[in-house]
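Asks: Predicted model and sequence below, questions to follow.
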Amino acid sequence: MMKYIIEKDNEGVRLDRYLRKKLKDTPLTEIFKALRIGKIKVNNKKKKENYRLVEGDKIFIGIGSLEEMEEKKDFIKLSQENREFLSKNIVFENDDLIIFNKDKDIVMHKGSGFEYGISEMFKSYYETDDFNFINRIDKKTSGLVIGAKNKISTRVLAEELRENNIRKKYYILVHGNIQKNIFTIENYLKKIEDKVVVTDANDEEGKIAITHFKVIKRYERYTLLEGELLTGRTHQLRVQLSNMGNPIVGDTRYGKKDGENTLYLNSFYCEIPKYNIKIENSLPDFFVKKLGN
């Protein structure tokens, strides 16, 4: 099955002309036959060859002879176990996007010694190179990430993210006892080689970083926080909390050697008002086990 999503520059084009352009080596009679018997559909409905395309239309082509005319992508091979893992961790899905609950210690993209990440796995899972995650979290961080299934939703979601219209909250376990119940950290961050550091407003390379925090519960040596990102800078939570003297438990890069191999940072809440989506997860099991509650 192949799928095309109509973009603005093809709006108003006749369906048969669009298909002839996409499937140059396929006889027109075969295209007409596929339309007639429903092997080619628009928005899951049969359409005549003179149908005028509308931006956002989804064209499905489901006959083998036409599929063979398309250049095949080299997707990674997924085992049944891989497929079950991906399916199990999808917490929301529609025609445009998924919200995926990433386990800790799994990379999102290939590189840095990894041949593939969950991004490449999903490209294979959906058999499209148009799949993209519009936000990312570190290998050691767990929780919710947003994947766009096509180019249009990628553009829309990326714009929503840039405009700070997507709400994201984290469970965070930090060292020390924080007395304020609610507080905000606002500072400037910049990258220096493979690390992020706090700088000041006069630094041209610095970018403003804002996070709202709320204490969920205090423990003898730790504080469990909820953090809501208002900006999305690299390592924002990790650097801000380390800078105030309360590094995240298990953060070996910005924190301290505390004997922990697990980073206690979990993206548990995602809200996308444009799509009327709100997902909220409970405290992960590894947090519960650590805290004994």
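Replies: Everything's here; your move.

Asks: List the residues that contact Y51.
Replies: 14-15, 42 (CB atoms under 8 Å, 6 or more residues apart in numbering). For glycine as for every other residue, the C-beta is placed from the backbone atoms N, C-alpha and C.

Asks: Same list, those residues, but as a markdown table with secondary structure, distance to F75 and pLDDT please.
Replies: As requested, the contacts of Y51 are arranged in a markdown table below (DSSP: H, G, I helix; E, B strand; the rest coil; distance: CB to CB, whole Å; pLDDT from 0 to 100):
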| residue | secondary structure | distance to F75 | pLDDT |
| --- | --- | --- | --- |
| R14 | strand | 32 | 92 |
| L15 | helix | 28 | 93 |
| V42 | strand | 26 | 92 |
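
Asks: Just put those residues in CSV and tack on neighbour count.
Replies: Shown next, in CSV, are the contacts of Y51 (neighbours: other CB atoms under 10 Å):
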residue, neighbour count
R14, 14
L15, 21
V42, 20
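
Asks: Show me which residues of the longest helix belonging to the chain are buried.
Replies: The helix that spans the most residues within the chain, counting by DSSP state H, is helix 151-162. Neighbour-count burial for helix 151-162 flags 152-154, 156-157, 160-161 (criterion: 16 or more other CB atoms under 10 Å).

Asks: Can you lay out those residues as a markdown table showing distance to G111?
Replies: As requested, the buried residues of helix 151-162 are exported to a markdown table (distance: CB to CB, whole Å):
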| residue | distance to G111 |
| --- | --- |
| I152 | 27 |
| S153 | 24 |
| T154 | 20 |
| V156 | 26 |
| L157 | 22 |
| E160 | 26 |
| L161 | 21 |
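
Asks: I'd like the average pLDDT over stretch 17-29.
Replies: Computed over stretch 17-29, the mean pLDDT rounds to 84.

Asks: List the buried residues of it.
Replies: Quick answer for stretch 17-29 (16+ other CB under 10 Å): 18-19, 22-23, 26.

Asks: wait, which of the residues you listed is closest to T234?
Replies: Among those, K22 lies closest to T234 (CB to CB), at 38.9 Å.

Asks: Can you give me every residue that contacts that closest one?
Replies: Y4.

Asks: do the same with I31
Replies: 16, 19-20, 23, 40, 49, 66.

Asks: run the last query once more with 7 Å
Replies: Contact analysis of I31 by CB atoms under 7 Å, 6 or more residues apart in numbering lists 16, 19-20, 23.

Asks: before we move on, what about R20?
Replies: 28, 31.

Asks: Doesn't it lie inside a helix?
Replies: Yes - counting by DSSP: H, G, I helix; E, B strand; the rest coil, R20 is located in a helix.

Asks: Lovely, talk soon.
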